[in-house]
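Undergrad: Give me a model of this one.
(2 chains)
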Amino acid sequence: MDITFMSNEAIAKILQEIAIYLEMDDVPFRPRAYEKASEGILGLDRSAAEIYSSGGLAALENIPNVGISIAEKIEEFLKTGKIKDYELLKRKIPVNLGELRMVEGIGPKKIKILYQKLKIRNLKDLESAVKAGKIRKLAGFGERSEENISKGLEFIKKSGGRFVLGFIDAQVGEITGNLRKIKGVREAVVAGSIRRRKDAIGDADILVISDKPKEVMDYFVSMPGVARIFAHGETKSAIKLSNGLDVDLRVVPEESYGAALNYFTGSKDHNVALRELAIKRGWKLNEYGLFDGKKRIAGKNEEEIYKKLGLSYIEPELREMSGELEASRAGKLPDLIGYGDLKGDLQVQTSWTDGAQSIEEMARAAIDLGLEYIVITDHTKRLAMTRGLNETRIRMQWKEIDEINRKLKSEGLKFRILKGTECDILKDGTMDLPDEILSKCDVVGASVHSLFNLPKKEQTDRIMRAMSNPHVDILFHPTGRVLNKRDAYEVDMDAIIAHAKKTGTVLEIDAYPDRADLKAEHIRKCIEAGVKMSIDSDAHHSSHFEFLKYGISQARRGWAEKKYIINVWPVEKMLGMLK
DNA sequence: GCCGTTTTCGGCCCGACTGTTTTCAGTCG
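TA: Predicted coordinates:
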């Protein structure tokens, strides 16, 4: 059997499902062990199949949270495509765990009862049982449970899971702003994965300091846009907005603010590790503080908690259990690029192709935001639907850029519009515009906009050939993914990163919210390889320059310092870093 | 079942809310 078909995701999913099955039977501790092993597999930057074929069983055991027993199960899976223990569990309760687990309020124990009593195997069975009023008659369930399951099913049909940070950020900010206006509220902040600035988020967590929690909670569950109330308590409430976004709210007293912020910011694994550090010192860490017996020894702010635990402060974007605790302890955390550090934007579309506004409008918006330069990068002729530029039209565009630059200068503005292109990479890796044109551009970006489903080797070779072109400065949105729309194309990113180093090509962090491309793990690899990156808005409208901050978030999540990003520099220095 | 700057054995993060209960199990984060 060709083991390359055994993806890490497939292995992780089986381990995760074993954990759920064990949970059903109230097996102690082992569920968590399988869950952690599953996370360990997902966190790998190589495939488990590769690890196994190069180092055998012993190498599998080196995977975090994988011991001898789970290593053997992974080996069994890689060799036979099956895990016997899993098949046995699955035969006993043959249900679609992935589906059923999506329903809010349904966990392992209830899945077991639903199968054993009503033979419910999937969402369809569950829906029929709800409609027939069978759920309410089960022991441990009731009318309310049935109603909640019914509502849960509705929402699964309506919305499919994750939200793009840049598309919900403002709405959550508005809610927080309104909470801040309520009497007795001293602070209201966003925590959770939004504070960690993840590119895609599952829900929103808001933290409030108030002496009058009841008023906060009453407002929260009755504010406009609330579609469902999951919980309405004194210190904790949870709702779903009509767009499907779940929002959790917690109210804590001021002396617990730091501990609560830390706890609700996560990540979960990061928090668990901090609690374990506390336990080792004989203390206890929870959302109310760090305690030595009954005595609170820290909790008012996050800094003092980290300090007591022997750590320097860790920025939220780094709290993903990917080495930040070790780095913090050793004083080796990166000096992250800041949110005000960009001086230019290297990918901007205008009304010459699919952008909404003129070159001048885009330039003036960039000036208002404090940028010093932008590169105009309209599409090229292969992208016919955008009226992509050919040789003649791009020469016309250069004239317009020269004119506007002169005009801005005559107004005393110190700003520069650079000539660029977002040039299509054709199927064979050649460019959509001739070298003669590319050589006259200040900045050449190259993009894949077609043939997303080429085989991995062919796609990788195609892109690498484009990067080898001496005029191609930047590879735009290198993986091509669009969140909630399409996956990245099959491409060997390690090879691309190595080739970027070899050819001096810059890799872009496209900040457009549903692109967020490069991903954080690629950014870290670029840093390790010594590959330079740019952070670009990919603006199609003057309001899109705001998106640059999401690119900075992404860079921070990839541990990037200023020095790795070329557009933190003034224009001449930036240009000097290109080919 | 995993793991070790307290441990190779004996631990394993912790608390809030709901619904169905009559003191608590299940779920969630």
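
Undergrad: And A:Gly133, which helix or strand is it part of?
TA: Here A:Gly133 is covered by no helix or strand, with elements defined by DSSP states H and E.

Undergrad: ok, and the closest non-adjacent residue to it?
TA: Nearest in space to A:Gly133, with sequence neighbours left out and distances taken as C-beta to C-beta, 6 or more residues apart in numbering, is A:Glu146 at 7.1 Å. The way it works is simple: take the backbone N, C-alpha and C, and place the C-beta from them, glycine included.

Undergrad: That neighbour: which element?
TA: Taking DSSP H and E as the criterion, A:Glu146 maps to helix A:143-158.

Undergrad: Run through the neighbouring helices and strands of that helix.
TA: Packing contacts for helix A:143-158, counted by 3 or more C-beta pairs under 8 Å, 6 or more residues apart in numbering; DSSP states H and E, involve helix A:123-131.

Undergrad: Pull the residues that contact the helix it packs on.
TA: A:96, A:99-100, A:102-103, A:114, A:118-120, A:135, A:146, A:149-150, A:153, A:156 (C-beta atoms under 8 Å, 6 or more residues apart in numbering).

Undergrad: What residues of it count as buried?
TA: Buried residues in helix A:123-131, defined by neighbour count with 16 or more other C-beta atoms under 10 Å: A:Leu123, A:Asp125, A:Leu126, A:Glu127, A:Ala129, A:Val130.

Undergrad: So that helix, near DNA strand B or not?
TA: No. With C-beta under 7 Å from any atom of the strand as the criterion, DNA strand B is not reached by helix A:123-131; the gap is at least 12.5 Å.

Undergrad: before we move on, what about stretch A:188-195?
TA: Yes. With C-beta under 7 Å from any atom of the strand as the criterion, DNA strand B is reached by stretch A:188-195 at A:Gly192.

Undergrad: Pull up the distance across that stretch, start to finish.
TA: Start-to-end span of stretch A:188-195 (C-alpha to C-alpha, to the nearest Å) is 13 Å.

Undergrad: List the contacts of that stretch.
TA: Contacts of stretch A:188-195 (C-beta under 8 Å, 6+ apart): A:165, A:169, A:172-173, A:176-177, A:179-180, A:201-209, A:248, A:261, A:264-267, A:316.

Undergrad: Up against DNA strand B, what does the stretch 1-150 of chain A have?
TA: Counting by C-beta under 7 Å from any atom of the strand, the stretch 1-150 of chain A sits next to DNA strand B at A:26, A:28-30, A:32-34, A:36-37, A:64-71, A:101, A:103-111, A:136, A:139-146, A:148.

Undergrad: so how many other residues sit close to the residue of the stretch 401-550 of chain A found nearest DNA strand B?
TA: Of all residues in the stretch 401-550 of chain A, A:Asn484 sits closest to DNA strand B, at 18.8 Å by C-beta to the nearest atom of the strand. A:Asn484 sits with 12 neighbouring residues when counted by other C-beta atoms under 10 Å.

Undergrad: check contacts around it.
TA: So A:Asn484 contacts A:Gly160, A:Arg162, A:Val164, A:Ala200, A:Asp514 (C-beta under 8 Å, 6+ apart).

Undergrad: at 7 Å what do you get?
TA: A:Arg162, A:Val164, A:Asp514 (C-beta atoms under 7 Å, 6 or more residues apart in numbering).

Undergrad: Double-check that it belongs to a helix.
TA: No. Using DSSP: H, G, I helix; E, B strand; the rest coil, the secondary structure at A:Asn484 is coil, not a helix.

Undergrad: give me the element A:Asp424 is part of.
TA: strand A:416-424.

Undergrad: Can you list the buried residues in the helix or strand that that strand is followed by?
TA: Once the chain leaves strand A:416-424, the next helix or strand it forms, by DSSP H and E, is helix A:435-438. Going by neighbour count (16+ other C-beta under 10 Å), the buried part of helix A:435-438 is A:Ile437, A:Leu438.

Undergrad: cool, stretch A:469-486 as well?
TA: Judged by neighbour count (16+ other C-beta under 10 Å), stretch A:469-486 contains these buried residues: A:469, A:471-481, A:483.

Undergrad: that older thread, any of the contacts of helix A:123-131 buried? List them.
TA: If we count by 16+ other C-beta under 10 Å, these have these buried: A:Asn96, A:Leu100, A:Met102, A:Val103, A:Leu114, A:Leu118, A:Ile120, A:Ile135, A:Glu146, A:Ile149, A:Leu153, A:Ile156.

Undergrad: Tell me which of those residues has the lowest pLDDT.
TA: Lowest-confidence member of the buried ones among the contacts of helix A:123-131: A:Ile156, scoring 77 (pLDDT).

Undergrad: from what I can see it touches A:Glu104, true?
TA: No. Using C-beta atoms under 7 Å, A:Ile156 is not in contact with A:Glu104; the gap is 8.7 Å.
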